[in-house]
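> Need coordinates for the following:
(chains A and B)
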Amino acid sequence: MLLQSHDLTKSFGGLVAVNQLSLKVEKGTILGIIGPNGSGKTTFFNLITGMLPSDSGKVIFNGQEITKLRPHRIARLGVGRTFQIPAPFSKMTVLENVMVSAFLHTSSMKTAKKKAEEVLKKVGLDEKADFQVLNVTLEDRKRLELARALAIEPILLLLDEVMSGLTPVEVKSAINLIKQMHHQGLTIIVVEHVMDVILSLCDRVAVLDYGRKIAEDTPQKIVNHPEVIRAYLGERYRARG
Amino acid sequence: MPLKNAHTQPHTSAPSWRWALLGLALLIAFLLPWPLSPLWIRIATEVIMWAGLAQSWNIIGGYTGYLSFGHGAFFGVGAYMTGIVMLHLGWPFALGLLISGIAAALMAVIIGYPTLRLRGAYFAIATWAFGEMIRQIATILEITGGAFGMQLPSYLNLPFFYYLFLLVTGLTYLTTYLLLERSPFGYKLLAIREHEEAAEMVGVDTVTIKIKAFALSAFFPGVLGGIYAYWVTYIHPDSVLGAQLTDFMVVMAFLGGIGSLWGPFLGAVVVQLVNRVLWLVWGEGTFYLIIIGAAICTVVLFIPSGIIGLLQSRIFLPGTAWKEIRKKVKW
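Residues are numbered from 1 along each chain as shown, chains lettered A, B, ... in the order given. Next up, the predicted model:
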């Protein structure tokens, strides 16, 4: 088991954003997390990565408890994440953005640059390496998010709605990219609203509603799960399924 | 082609004329005391000291994006430390400078540890309060001479101080260049300034890096303060711990262009020269503050990247102006 959360809970004032959430991610698999807006998906990511402190519960990564670690320590253990709204280092070039990640494993400018160029090539951004981030499109910023996360050489990758706002063609190429990374041995958790993405990528899917896990199963079973249809998918998915 | 901003410009292109320009500037700086009268040597010395101070502020304020409004305190602590070391301990001046720099850096670590977790205005307020605190302490302590200040042994050698300031300010710029423009440390600082949470997510230990940057930005004012104390021989809380010290560092850095290597230098030259010329013309007064205030408003409103931003925008780069015109005008 690469990642486990036990009864993870986080509330903001009176609102319980994540409620006693227990999830497991097997090494080498892709877990999808779906659920309505505000169901706690991003908060769950923030708890795993240490960006938010949890109220109670535990997170165990690779056999080590990481619940109380600072974010950079968790990143160093091999957890990479992308932000739902791209959060680039705006006044730097695309290449420099990725170099910051590469400095996690080297303090040589040359090695970091080479590593960053490799990763940019992998995500198809190599031609825009010298662009200022301010001058690249949303799709490229999403790719940059991915590149930055990949350059820390993660074992586990958390993708927070990397597809939202992309055209169908762009979504297709992004799916291929994620599949490719998966084949190279990466374990991935995907938060996504686009159901086609979830269906074509995930080994298992967990469904959140009001911070609770209401179902977890294979994608095929999830789309026919009555509770999931009621809370999130709506009737049209039953018809299709 | 994407527009390069002020920061990345030197990374990608360092044409030989830049080095030639730098060499020429250094040569002029070395020869400067010969033709100048003592008054103008004094003014040149001040300009160079301020260039170092503005750059020190730029390390934390410009590159890291944390506005320190108590930076004058590090200068004052340096001045008093050198004074105490020379006067009360009888140790040599050079040792005093070293102790001054280290004391200022240590102090930055101590106040940075809790306050550098505070984003935005909180850090600014905390550092401002720290600056005030240090001034009050210097006013009541016996060892600092209280409100009367401190008289150091005098050493009347204008060129000596000119070259010493030149050396330390030069080191400030060299350090900034090597550590902030050309090393992982600088990249991490910029990442923190641009998006701190994202920097943390890619493994940057943001708190430690910020504390290091703050200590570095305090070390040089400490040393410069030490030299200043020996140079002017008489220091008191208002002269080395006044709020204006910080104000001027901020103003010079902003006017010249924050987050750039040469911005603070240009800002210091312009502000201090204007300041002194007005002083020569009108005598002691505060009129120059009005002019500087107006200049700052202009910069913030119209040229947020400062003088350096103006110089580096394509129009002012030699050669590119012609290309721009060619592009815009259809033949």
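
> where do the helices sit along chain A?
Secondary structure of chain A (DSSP state H): helices at A:41-48, A:71-77, A:94-102, A:109-122, A:138-150, A:168-183, A:195-201, A:219-222, A:226-228, A:235-240.

> can you list the ones you listed in TSV and add mean neighbour count and mean pLDDT?
C-beta: built from backbone N, CA, C; applies to glycine. Below are the helices of chain A laid out as TSV (neighbours: other CB atoms under 10 Å in any protein chain shown; pLDDT from 0 to 100):
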stretch	mean neighbour count	mean pLDDT
helix A:41-48	24	95
helix A:71-77	21	96
helix A:94-102	27	97
helix A:109-122	18	95
helix A:138-150	24	94
helix A:168-183	15	91
helix A:195-201	18	88
helix A:219-222	17	90
helix A:226-228	14	86
helix A:235-240	11	60
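
> Can you lay out these as TSV showing distance to B:L24?
Listed next are those as TSV, based on distance: least, CB to CB, whole Å:
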stretch	distance to B:L24
helix A:41-48	53
helix A:71-77	44
helix A:94-102	30
helix A:109-122	28
helix A:138-150	40
helix A:168-183	51
helix A:195-201	60
helix A:219-222	69
helix A:226-228	73
helix A:235-240	73
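
> need the residues of the stretch 51-200 of chain B near chain A, please.
Counting by CB under 8 Å from any CB of the partner chain, the positions of the stretch 51-200 of chain B adjacent to chain A are B:182-184, B:187-188, B:190-191, B:193-195, B:197-200.

> what about burial for those, which qualify?
With neighbours counted by 16 or more other CB atoms under 10 Å in any protein chain shown, these contain buried members at B:P184, B:Y187, B:K188, B:L190, B:A191, B:R193, B:E194, B:H195, B:A198, B:A199, B:E200.

> Go ahead and confirm the third one touches B:V207.
If I follow you right, that is B:K188. No. If you go by CB atoms under 8 Å, B:K188 and B:V207 don't touch, sitting 11.8 Å apart.

> How about the residue nearest the centre of chain A: what's its closest non-neighbour residue?
Centroid-nearest residue in chain A: A:L159, 1.7 Å away (criterion: CA atoms, centre = their mean). In space, and not counting its chain neighbours, A:L159 is closest to A:V190: 4.9 Å by CB to CB, 6 or more residues apart in numbering or on different chains.

> What's the local residue count around the one you found?
23 (other CB atoms under 10 Å in any protein chain shown).

> who does it bridge with?
A:G32, A:L159 (DSSP bridges).

> Narrow the buried ones among the residues of the stretch 51-200 of chain B next to chain A to those in strands?
Using DSSP state E, no member of these sits in strands.

> any chance of the residues you listed in a markdown table, plus pLDDT?
Shown next, in a markdown table, are these (pLDDT from 0 to 100):
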| residue | pLDDT |
| --- | --- |
| B:P184 | 96 |
| B:Y187 | 96 |
| B:K188 | 97 |
| B:L190 | 96 |
| B:A191 | 96 |
| B:R193 | 95 |
| B:E194 | 95 |
| B:H195 | 95 |
| B:A198 | 96 |
| B:A199 | 97 |
| B:E200 | 95 |
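
> and which of those residues is nearest A:L2?
B:E200 (21.7 Å; CB to CB).

> need the helices of chain A in a markdown table with distance to chain B, can you?
As requested, those are exported to a markdown table (distance: least, CB to the nearest CB, whole Å):
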| stretch | distance to chain B |
| --- | --- |
| helix A:41-48 | 9 |
| helix A:71-77 | 4 |
| helix A:94-102 | 4 |
| helix A:109-122 | 7 |
| helix A:138-150 | 6 |
| helix A:168-183 | 17 |
| helix A:195-201 | 22 |
| helix A:219-222 | 28 |
| helix A:226-228 | 30 |
| helix A:235-240 | 33 |
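
> domains of chain A?
A:3-78+A:155-240, A:86-153 (automatic domain parsing).

> for the ones you listed, which one sits closest to B:G101?
domain A:86-153 (25.0 Å).

> Now the terminal residues of the closest one, how far apart.
Using CA to CA, to the nearest Å, the end-to-end distance of domain A:86-153 comes out at 19 Å.

> thinking again about what came up before, select, out of the domains of chain A, the one closest to B:G259.
Short answer: domain A:86-153, nearest of these by CB to CB, at 7.9 Å.

> quick one: that closest one to chain centroid distance?
The chain centroid and the centroid of domain A:86-153 are separated by 17 Å under CA atoms, centre = their mean, to the nearest Å.

> Stretch B:163-177 too?
Using CA atoms, centre = their mean, the mean C-alpha position of stretch B:163-177 is found 11 Å from that of the whole chain.

> Dump it to PDB, keeping only the CA atoms.
Taking C-alpha atoms only, stretch B:163-177 is exported to PDB below (Å, rounded to 0.1, in the frame of the first residue of the first chain):
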ATOM      1  CA  TYR B 163      37.600  52.600  -0.700                       C
ATOM      2  CA  LEU B 164      36.300  50.600   2.200                       C
ATOM      3  CA  PHE B 165      32.700  51.400   1.400                       C
ATOM      4  CA  LEU B 166      33.500  50.700  -2.200                       C
ATOM      5  CA  LEU B 167      34.900  47.300  -1.200                       C
ATOM      6  CA  VAL B 168      31.900  46.300   1.000                       C
ATOM      7  CA  THR B 169      29.300  47.600  -1.400                       C
ATOM      8  CA  GLY B 170      31.100  45.800  -4.200                       C
ATOM      9  CA  LEU B 171      31.000  42.600  -2.200                       C
ATOM     10  CA  THR B 172      27.200  43.100  -1.700                       C
ATOM     11  CA  TYR B 173      26.700  43.300  -5.400                       C
ATOM     12  CA  LEU B 174      29.000  40.300  -6.100                       C
ATOM     13  CA  THR B 175      27.200  38.200  -3.500                       C
ATOM     14  CA  THR B 176      23.900  39.200  -5.000                       C
ATOM     15  CA  TYR B 177      25.100  38.300  -8.400                       C
END
